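Student: this one's structure only:
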DNA sequence: GCAAAAGTGTTAGACCTACACCCATGA
DNA sequence: TCATGGGTGTAGGTCTAACACTTTTGC
């Protein structure tokens, strides 16, 4: 039961985003071997025999990046014949959003084999991974406008200023505080916790939580 | 030089849309062999050795559907392990928009091996192709709202009523004539030709043309 | 008391929606 | 002269964008 001799290698690569130090950052792993030995690359891996593509991406995320239970969405499939010098590899790419507050501290400390780097200041990456990151960033920015996807970056409780910062960092532009608050309140996707955050020598900020965590709502 | 034993078959399947008889229709080909022998299916084919995915989709479109030079965009990649009973096939799907006025008449006549069927009244299709068509329809409808993609369905010259019909048929709802015309004129993507269409026992209609044919503009 | 970030309303313009009648033609 | 589809404007509501000052806290 074989269809034909046209067999290809299929992999998934995952762009894991987080917001750290008020910048949009991507999780990268160091390539230990040729090709591109020593280069930073996206976490990725081959699709197993009886494994769905989504499951493969989630497994790669878990095994190579120690990230689980986060928002994960298929992005695009890249298959230029020469994109891997070893031979034909078609890669189904995904992007994931990891709330920095919910990741363990160990995951946030960079090592020689794994690190977070800001998307707007990346070194040369392996394969066509720079192109993949750029596309993922573009898609994420577009989704901010018509969905509640940004909430996937937030922890249990957060201030409106923190959320606004997420928007600003992804869009690469600053937003008006009053308009931002009015719009978000209008979406009815977050609610006050009644608690306050005291974080410096200034007035405390209200803490909010996501109304329906895990759900990304699309509007318009 | 082989990466690993994890090899998969990769194919592309293309959802070719057109507007005919004031309905959104899809091009289907009859499956001559098992599995799903006799069922209607999307035109598709295996990705060749040194062929890019986009090129493969264009070739499939040309060879299996005799359609060339039309708008073609990657849609989504499907890879459930059991989606093809013969074995593991990952399919990268595309959708294409074919302006009925520019297709040869021969292409528009249905045969036993190839036909156009309305998306909202399809028979059971082979594999997961019904799911693919539904997703393509959804994506197309979404793109109407923020791009000039609908113009890809139009011929050299067309009336505003024809264009409005395209929108209505894809969205599945009727639109207000005056608002529709105001909005489209505002987009500055079409222009008057100065010619008129006399098509029945009523007032003639202005003929328009696309300002930048082949270009799909995204706004907002 | 000073520095720092939190919080809060209003107004003008753009855009969207709903809605009804006259026009030009062929039969 | 009638049936058919082509063509046009206005008013009300909603949404968006621009804009500056007061509050509360820690030091």
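Tutor: Here it is on my side, so go on. Note that the structure is predicted; figures quoted are calculated from it, not measured.
Student: care to break chain A down by domain?
Tutor: With domains defined by automatic domain parsing, chain A comprises A:9-146, A:156-210.
Student: show me the contacts for residue A:181.
Tutor: Under the criterion of CB atoms under 8 Å, 6 or more residues apart in numbering or on different chains, the contact list for residue A:181 reads A:160, A:164. Glycine gets a C-beta too; all of them are placed from N, C-alpha and C.
Student: Pull out the buried positions in the helix or strand hosting it.
Tutor: Assessed by DSSP states H and E, residue A:181 sits inside helix A:177-187. Residues of helix A:177-187 classed as buried: A:180, A:184 (neighbour count, 16 or more other CB atoms under 10 Å in any protein chain shown).
Student: after it comes which helix or strand?
Tutor: Following helix A:177-187 in sequence order, the next helix or strand is strand A:190-197 (DSSP H and E).
Student: could you give the angle of that next one to helix A:177-187?
Tutor: Strand A:190-197 runs at 130 degrees relative to helix A:177-187, counting by axes from the mean of the first three to the mean of the last three CA atoms, to 10 degrees.
Student: Which one, of the domains of chain A, ends up nearest to residue B:97?
Tutor: Closest of those to residue B:97 is domain A:9-146, at 19.4 Å (criterion: CB to CB).
Student: That closest one vs DNA strand D: in contact?
Tutor: No. Counting by CB under 7 Å from any atom of the strand, DNA strand D is not contacted by domain A:9-146; separation bottoms out at 9.1 Å.
Student: what about that domain, average pLDDT?
Tutor: Throughout domain A:9-146, pLDDT has a mean value of 95.
Student: most neighbours per residue, which of the domains of chain A?
Tutor: Ranked by mean neighbour count, these are led by domain A:9-146 with a mean of 18 (mean count of other CB atoms under 10 Å in any protein chain shown).
Student: chain center to that one, what's the gap?
Tutor: 8 Å (CA atoms, centre = their mean, to the nearest Å).
Student: Let me know whether that domain sits next to DNA strand C.
Tutor: No. In terms of CB under 7 Å from any atom of the strand, no part of domain A:9-146 sits within range of DNA strand C; the closest distance is 11.2 Å.
Student: Show me what from chain A comes close to chain B.
Tutor: A:1-4, A:6-10, A:46-53, A:74, A:76-81, A:84, A:86-90, A:92, A:145, A:220 (CB under 8 Å from any CB of the partner chain).
Student: Identify those among the residues you listed that sit within strands.
Tutor: If you go by DSSP state E, these have A:7, A:8, A:9, A:10, A:46, A:74, A:76, A:77, A:78, A:89, A:90, A:92 in strands.
Student: In terms of helices and strands, where is residue A:138?
Tutor: Assigned by DSSP H and E, residue A:138 falls in helix A:129-146.
Student: Let me see the residues that make contact with the helix or strand that that helix is followed by.
Tutor: Heading C-terminal from helix A:129-146, the first helix or strand you meet, by DSSP H and E, is helix A:160-171. For helix A:160-171, the external contacting residues (CB under 8 Å, 6+ apart) are A:19, A:22-24, A:137, A:140-141, A:144, A:150-151, A:153-154, A:174-175, A:177, A:180-181, A:184, A:190, A:205-206, A:208.
Student: chain center to helix A:160-171: distance?
Tutor: On CA atoms, centre = their mean, the centre of helix A:160-171 falls 15 Å from the chain's centre.
Student: quick one: that helix near DNA strand C?
Tutor: Yes. Residues of helix A:160-171 contacting DNA strand C under CB under 7 Å from any atom of the strand: A:160, A:161.
Student: thinking again about what came up before, now for the helix holding residue A:138, which elements pack on it?
Tutor: Helix A:129-146 is packed against strand A:7-20, strand A:71-78, strand A:89-97, helix A:160-171, with contacts defined by 3 or more CB pairs under 8 Å, 6 or more residues apart in numbering or on different chains; DSSP states H and E.
Student: Apply 6 Å and report the result again.
Tutor: For helix A:129-146, the packing partners by 3 or more CB pairs under 6 Å, 6 or more residues apart in numbering or on different chains; DSSP states H and E come out as helix A:160-171.
Student: How about the helix it packs on and DNA strand D, any contact?
Tutor: No. Shown here: helix A:160-171 not in contact with DNA strand D (CB under 7 Å from any atom of the strand), separated by at least 11.9 Å.
Student: so which of the domains of chain A gets nearest residue B:58?
Tutor: Closest to residue B:58 of the domains of chain A, according to CB to CB: domain A:9-146, at 13.4 Å.
Student: Any idea how far apart the tips of that closest one sit?
Tutor: One end of domain A:9-146 to the other measures 35 Å (CA to CA, to the nearest Å).
Student: Please apply the same query to stretch A:99-106.
Tutor: Using CA to CA, one end of stretch A:99-106 lies 14 Å from the other.
Student: With stretch A:64-72 instead?
Tutor: Stretch A:64-72: ends 15 Å apart by CA to CA.
Student: nearest spatial neighbour of residue A:212, skipping sequence neighbours?
Tutor: residue A:189 (7.2 Å; CB to CB, 6 or more residues apart in numbering or on different chains).
Student: Mind pulling the model confidence for the one you found?
Tutor: Value for residue A:189, per-residue pLDDT: 97.
Student: Check the one 10 residues further on too.
Tutor: Residue A:199 is assigned 90 on the pLDDT scale.
Student: Relative to residue A:162, how far out is it?
Tutor: 10 Å (CB to CB, to the nearest Å).
Student: For residue A:141, give me its contacts.
Tutor: A:170, A:171 (CB atoms under 6 Å, 6 or more residues apart in numbering or on different chains).
Student: between the helix or strand hosting residue A:26 and strand A:7-20, how big is the angle?
Tutor: Using DSSP H and E, residue A:26 maps to strand A:23-30. In terms of direction (the same axes, to 10 degrees), strand A:23-30 departs from strand A:7-20 by 140 degrees.
Student: Outside of strand A:23-30 itself, list whatever touches it.
Tutor: A:16, A:18, A:40-41, A:43, A:65, A:113-119, A:133, A:169-170.
Student: partner strands of it, parallel or antiparallel?
Tutor: Partner strands and pairing direction for strand A:23-30 (DSSP bridges) are strand A:7-20 (antiparallel), strand A:40-41 (antiparallel), strand A:114-118 (antiparallel).
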